[in-house]
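1. mind folding the following:
(chains A and B)
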Amino acid sequence: MTTDIDLVRTAGMPPTDISDPQYFHKVVDCQWACPTHTPVPEYIRLIAQRRYTEAYLLNWESNVFPGILGRTCDRPCEPACRRGRVDEKPVAICRLKRVAADYKQDIDRYLPKVPTKKNGKNIALLGGGPASLTVARDLMPLGYHCVLFEKDPRSGGLMRTNIPAFRLPEKVIDEEVDRIIEMGVETRFGCEITSLKAILDDGFDAIFVGTGAPRGKDLNIPGRETCAANIHIGIDWLTSIAFEHVDTIGKRVVVIGGGNTAMDCCRSALRLGGKDVRVTVRSPRKDMKASDWEIEAAEMEGVPIFDNHAPKEFVVENGRLAGVLFDKMHADYDDSGRRTLIPTGEEVFFACDDVLMAIGQSNAFPWIERNIGIVFDEGEMPVVDKLTMQSSLSNVFFGGDAAWGPENIIWAVAHGHQAAISIDLFCKGEALTRRPAPGTSLFSQKMGLHEWSYDNDVSEDRRVPVPHQDLDLALKDLSVEVELGFDDQLAFKEAERCLNCDIQTIFVRELCIECDACVDICPVDCINFDFNGEEDEFRARLRVPAENKDQDLYLSDILKTGRVMLKDEDVCLHCGLCAERCPTGAWDMQRFAYVEPQASTAYQKHNMAYVR
Amino acid sequence: MTYMQKPKIRHPRLKKNDLGLTRRDYEGVLSTLCAGCGHDSVTAAIIEACFELQLPAHRLAKLSGIGCSSKTTAYFLSQAHGFNSLHGRMPAIATGANLANRDLIYLGVSGDGDTASIGLNQFCHAVRRRLNMVYIVENNGTYGLTKGQFSATNDKNSKSKKGGNNLFEAMDLCALAIQLKAGFVARGFSGDKAQLVPLIKSAMRYRGFALLDIISPCVTFNNHAASTKSYDYIRDHSEAVDKLDFVPAQEEITANYDEGQTVNVTMHDGSSMRLHKLETDYDPRNADEALMHIRKRYAEGEVVTGLLYVDQEEEDLHSLIETTERPLNELSMDELCPGSQPLEELNNTLR
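-> Numbering: from 1, shown residues only, chains lettered A, B, ... in the order given. You can find the predicted model right below:
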């Protein structure tokens, strides 16, 4: 073959720079998608080895609340999971996380030491939810004195008040929240903040606002005021249950809303005596905001979901609530996919005793004076820097739902980590933009001929369903947990479905003899040897065209024949067969560890100790 | 050793042929040959060719003798018929099978030892008889299975891995086959599938004896600097005489080619080979020219590849000996055993 090497070299895509840690990080889809970048494949391997304590710690270091998140996380990792692209369903990552939490041994001796001699800096944490608690956890080992203000009698925020006990038992919250408080956080429970100025005047070195989005949206349609006694704001109602102020509800309940709060409301109502509980949503079912598994759980318990029902009026009879009148809607999508809901003209009436409204939450900062230097935007939200979490007042930081509106626990934790880094830099007088670098490592996993330090035999099992509590039993008691979690056998089976995406395929161009062995053996046809080209054109000409543009291409520099090696990362099984078949060791399987930076290096060091 | 099977999971967007099969449905068991063996690439090329030809596996019979190469029939088309015979005796089995059932595609896979040494006699006679089959030689110039002795196709100037000299001249199987009037003679290289796959497809559609001599480096014993059958040596010294396109029967030839540059060879089933000449004065329809070209270029240290010789008019064994048009298993008892009267008539013609 004769090729003008120089001509080929100048045309087409540049070789992939694998020294950039974000390249391989992105290949680990779950870790990349996780806001705190939890090293998912690594802890799943630990679970498969029944090393639950280590798996828990690895989680705890990244996401702070593995037991809570193992039950309630929004799981951005699962839709990202590579298994979901080659199989019907992704790995049950969230449920595996819970396994680590359920079966771990005592972890106290592995926790970082909190210095008795403080560094003299005082930090106020407003709100006792996951964001504030994360900031405390990250700063305490550095010697900061943290003071946590919380209006409720216990900390935990919405994790405690809004997530019903049948999804998240109180003892799980207590354990993980208390672990942080017991690091020596000073707590002021039952203390509702009414003035930020007053806190500023107290002389804290930095203030973190993690007060959430505590205001449930209301619906001002006819009948609202007359029936006020039987119309409840979902999140407030759930909080009242959590603190045992409420323990009954009418037999017929209509829930308005299609998010996770609506699902928690309807399922709670069933347990407080509701017999005919219905969920109504304005939009078509496919646009519902609730997670699929939450919808599934509600339906499994017998709650029907009525979509395309827009509430029109609370119907009053004899001065009290008789039911809700709905307009039936029809969803119309224009070419750009934008939706408009149009009334069909049909009206539907649902008789009921109580209504639960779960149509969203909003932030409210009536307690922040507008003249103290914090700039608010036109939506009445504070202006917060996306990277540093800093507000326009340099010693005030925001995080969690308080920063940019309702998100979820794992995002609150991620914000907390970033805010802690910023607060530490701020207190040291350093530039907030000079953030610490991530910890990374890359090691060969080769143990011998056809032997790797990870289980490369790809499981062909389907996703393991999680066992559930008997329905009759579950519905009798609000505190009976519905999901029972995996036992060790089921956990092992599910853990084996993980494709070990952090075990990277490393290609060394100089060693390649272009024998095609890797191309021939690859079960998913992701390796190609061909002449370079522009990305779109090259993607189209591969053995299987690389249509998933969210996934990168791994391109080598030019080879002896003038061609390049191009690997489509999209559905690589990380089975290592390319490396097993390579006669010259041009392919190797190397474990890539990525540890997100945090304020305290104690966690990162610990984390790195495992992944080595 | 934690040796695993190839995962069944495949790319979700893997192309399907008209039978609804993907390339992976044409696989066999996982190869146990050395990593990087050229034979595995030949296997992959056979899989690709069968997939593209939309071949139902049960219409193919895989035949082999003994050796690394002969093991490979297990590595493709698990659903096909197969016979792993004695060393060098694959042509005899192929002859018998072919006479019994002329409708199957016969694909023999052999090596340089199995063909050029112990099986040379059988090979020569299969060619002479114009047996309708594809005969693939995975040629690495060495006895890999017995630790790397020179084979009969190893070039005289090609040393062993430990530096030992080869005293004997190499046998060129393509030249031999042309001399014995094989109808389709081609040489390929396991490291060049773009050339190999169309050659295999055309050979499978050719009626008559088709030899594919495929240089297939032995990574363990004959891929060193002093070898003339290494990946590097073949890449540096191979020279394609033509570029072949296989055009299935149902596809129309639309592109126009300069007649001097292109030769169209129509095959019995209506499909055709379109040969783009790379050596302008080379005509693969001329046996003398082909032989001369192979010898001339060999003397200059080059290995010619591509479709070296093709006879468009070849008649296969069945036409020569006028056998029945149908496979024996489709004949009725009366046809197979017509009784004593026809026997008597036949005997009379011989008296």
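2. tell me the confidence at the residue in the stretch 451-600 of chain A that chain B sits nearest to?
-> Nearest residue of the stretch 451-600 of chain A to chain B: A:Pro583, at 2.6 Å (Cβ to the nearest Cβ). C-beta coordinates here come from the backbone N, C-alpha and C atoms, glycine included. On pLDDT, A:Pro583 comes in at 93.
3. wait, what's in contact with it?
-> A:513, A:515, A:517, B:34-37, B:219, B:223 (Cβ atoms under 8 Å, 6 or more residues apart in numbering or on different chains).
4. of those residues, which is the nearest to A:Asp218?
-> A:Ala517 (66.2 Å; Cβ to Cβ).
5. coming back round to it: buried ones from the contacts of A:Pro583, can you make that a ChimeraX selection?
-> Paste this into ChimeraX to select the buried members of those, with burial taken from 16 or more other Cβ atoms under 10 Å in any protein chain shown:
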select /A:513,515,517 /B:34,35,36,37,219,223
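6. biggest separation within the contacts of A:Pro583, which pair?
-> A:Ile513 and B:Cys34 (13.0 Å).
7. quick one on the thing from earlier: what about the contacts of A:Pro583, which are in strands?
-> Residues of those located in strands (DSSP state E): none.
8. give me the subset of the contacts of A:Pro583 lying in helices.
-> Using DSSP state H, A:Ala517 are the members of those that sit in helices.
9. could the contacts of A:Pro583 go into JSON lines alongside distance to A:Cys227 and pLDDT?
-> What follows is the contacts of A:Pro583, written out as JSON lines (distance: Cβ to Cβ, whole Å; pLDDT from 0 to 100):
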{"residue": "A:Ile513", "distance to A:Cys227": "79", "pLDDT": "94"}
{"residue": "A:Cys515", "distance to A:Cys227": "77", "pLDDT": "93"}
{"residue": "A:Ala517", "distance to A:Cys227": "74", "pLDDT": "94"}
{"residue": "B:Cys34", "distance to A:Cys227": "80", "pLDDT": "93"}
{"residue": "B:Ala35", "distance to A:Cys227": "76", "pLDDT": "91"}
{"residue": "B:Gly36", "distance to A:Cys227": "78", "pLDDT": "92"}
{"residue": "B:Cys37", "distance to A:Cys227": "80", "pLDDT": "95"}
{"residue": "B:Val219", "distance to A:Cys227": "82", "pLDDT": "95"}
{"residue": "B:Asn223", "distance to A:Cys227": "85", "pLDDT": "95"}
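10. using CSV, lay out the contacts of A:Pro583 together with distance to A:Leu158.
-> Formatted as CSV, the contacts of A:Pro583 follow (distance: Cβ to Cβ, whole Å):
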residue, distance to A:Leu158
A:Ile513, 59
A:Cys515, 58
A:Ala517, 54
B:Cys34, 60
B:Ala35, 55
B:Gly36, 58
B:Cys37, 61
B:Val219, 61
B:Asn223, 65
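11. wait, which of the contacts of A:Pro583 is closest to B:Ala100?
-> Checking the contacts of A:Pro583 against B:Ala100 with Cβ to Cβ, the nearest one is B:Cys37 at 33.1 Å.
12. what about the closest one, distance to chain A?
-> 7 Å (Cβ to the nearest Cβ, to the nearest Å).
13. which ones are touching that residue?
-> Contacts of B:Cys37 (Cβ under 8 Å, 6+ apart): A:517, A:583, B:31, B:68, B:216-220.
14. bridging residues for B:Glu27?
-> For B:Glu27, the beta-bridge partners under DSSP bridges are B:Phe76.
15. count the neighbours of it for me.
-> 21 (other Cβ atoms under 10 Å in any protein chain shown).
16. which residues touch it?
-> B:Glu27 touches B:6, B:47, B:75-78, counting by Cβ under 8 Å, 6+ apart.
17. go again using 10 Å as the cut-off
-> A:520, A:523, B:6, B:8, B:10, B:43-44, B:47, B:51, B:75-78 (Cβ atoms under 10 Å, 6 or more residues apart in numbering or on different chains).
18. secondary structure element for A:Glu61?
-> For A:Glu61, the enclosing helix or strand under DSSP states H and E is helix A:52-63.
19. take the contacts of B:Glu27 and keep only those in helices.
-> A:520, B:43-44, B:47, B:51.
20. SS state for A:Asp102?
-> At A:Asp102 the chain is in helix, as set by DSSP: H, G, I helix; E, B strand; the rest coil.
21. whoops, I mixed them up, A:Lys567
-> A:Lys567, by the three-state scheme (three-state DSSP), is strand.
22. just give the closest residue to it, not the sequence neighbours.
-> With Cβ to Cβ, 6 or more residues apart in numbering or on different chains as the criterion, A:Lys567 has its nearest non-adjacent residue at 4.2 Å, and that residue is A:Tyr554.
23. output the contacts of B:Cys37 in a markdown table; the columns should cover distance to A:His330.
-> Output for the contacts of B:Cys37, formatted as a markdown table (distance: Cβ to Cβ, whole Å):
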| residue | distance to A:His330 |
| --- | --- |
| A:Ala517 | 58 |
| A:Pro583 | 63 |
| B:Ser31 | 59 |
| B:Cys68 | 68 |
| B:Ser216 | 65 |
| B:Pro217 | 67 |
| B:Cys218 | 70 |
| B:Val219 | 66 |
| B:Thr220 | 70 |
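24. quick check: A:Ile305 touching A:Val254?
-> No: A:Ile305 is not in contact with A:Val254 according to Cβ atoms under 10 Å; the separation is 11.8 Å.
25. neighbour-wise, which of those two wins?
-> Applying other Cβ under 10 Å to A:Ile305 and A:Val254 shows that A:Val254 carries more neighbours, namely 29 against 20.
26. and the more buried one, how far from chain B?
-> 42 Å.
27. which SS class is the spatially most central residue of chain B?
-> Residue closest to the average C-alpha location in chain B (Cα atoms, centre = their mean): B:Ile136, at 2.8 Å. Secondary structure, three-state DSSP: B:Ile136 is strand.
28. residues in contact with it?
-> Going by Cβ under 10 Å, 6+ apart, the list of residues near B:Ile136 reads B:39, B:42, B:45-46, B:64, B:69, B:72-73, B:107-111, B:115, B:188, B:199-200, B:203, B:210-214, B:216.
29. what's whatever helix or strand B:Thr95 lives in packed up against?
-> Element membership for B:Thr95 (DSSP H and E) is helix B:90-100. Applying 3 or more Cβ pairs under 10 Å, 6 or more residues apart in numbering or on different chains; DSSP states H and E, we find helix B:90-100 packed against strand B:60-64, strand B:81-84, strand B:105-111, helix B:112-116, helix B:120-128, strand B:133-139, helix B:317-321.
30. one more time with 6 Å, if that's ok
-> Helix B:90-100 sits against strand B:60-64, strand B:105-111, helix B:120-128, with contacts defined as 3 or more Cβ pairs under 6 Å, 6 or more residues apart in numbering or on different chains; DSSP states H and E.
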